[in-house]
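Novice: the sequence isn't on hand, but the structure is:
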């Protein structure tokens, strides 16, 4: 029997829009909604890992606002991606303090897609920065991450908001966070925009067709945010906060409902014993 009620937070993909996850997490904690485990896909894996590692988000915000693109974009002659990914992995290694999953303060599950074996991959051990590098590898933009017998790309290709894994890991209630899609007309100002927006469109169609496993879905309206504008961290964070506040009462009601059901099940079990 589990020792207590557990809440999981599933953070979805969305490139720069994923910065809204910071606002979601800060708001949940501010209003005493505990986060017992986290899963993340792509940008959700990045922000989720920083939270689970105990990194202060104020430093993360400052980093995104001040970090020039050339510091993390190592463009290469295209073969299987435009960005090699070594620079960003070095940054990820630094800000996560080169930690292992076992060192995290909160359990974390990072989702990636294996192109070779055509399936989803869930990281829950090993180096955290390696898992993030795999999960953020937008096809065509980043060179895939090669590990063991796998060719790994963006987790959002298969599982945009990875809620199911948290239920499998024992969460009683799962809060999912979807940071939306780029619905504005594209100006195709760069190859990166073309690739990001093409993948975004495919993910949207898949997301709409799939049954969502989250008990509650926080939907953040960021449809007008350029997927490459990581410097807009303050705006994205604010939007995440607003979206969370709008469903805060629903979250509390759902928690109380689940707690009541769990209590009734426990009583029935005790009576049987």
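Specialist: It's in. This one's a predicted model, so the numbers in the text were calculated from it and none came from an experiment.
Novice: quick one, strands of the stretch 1-150 of the chain?
Specialist: Shown for the stretch 1-150 of the chain, the strands assigned by DSSP state E, counting those that start in this stretch span residues 7-11, 37-41, 81-83, 108-114, 119-123, 140-142, 145-147, 150-154.
Novice: quick one: strands adjacent to the fifth one?
Specialist: Taking DSSP bridges as the criterion, strand 119-123 forms sheet pairs with strand 108-114 (antiparallel).
Novice: helices along this protein, start to end?
Specialist: For the chain, helices defined by DSSP state H occupy the ranges 20-30, 43-52, 57-66, 86-95, 128-135, 164-168, 191-209, 233-246, 248-272.
Novice: picking up where we left off before, of the strands of the stretch 1-150 of the chain, which shows the lowest average pLDDT?
Specialist: Ranked by mean pLDDT, the strands of the stretch 1-150 of the chain end with strand 81-83 at the bottom, a mean of 78.
Novice: what helices or strands is it leaning on?
Specialist: Applying 3 or more Cβ pairs under 8 Å, 6 or more residues apart in numbering; DSSP states H and E, one finds that strand 81-83 makes contact with strand 140-142, helix 191-209. Any C-beta I mention is one placed from the backbone N, CA and C, and that applies to glycine too.
Novice: lowest average pLDDT across these?
Specialist: Looking at these, the lowest mean pLDDT belongs to helix 191-209 (a mean of 68).
Novice: what about residue 7, how many residues nearby?
Specialist: For residue 7, the count of nearby residues is 22 (other Cβ atoms under 10 Å).
Novice: likewise residue 157?
Specialist: Look at residue 157: counted by other Cβ under 10 Å, it has 23 neighbours.
Novice: returning to that earlier point: quick one, which of the helices of the chain is packed in tightest?
Specialist: helix 43-52 (a mean of 28; mean count of other Cβ atoms under 10 Å).
Novice: and that one, how far out from the chain middle?
Specialist: Relative to the chain's own centre, helix 43-52 is displaced by 6 Å; criterion: Cα atoms, centre = their mean, to the nearest Å.
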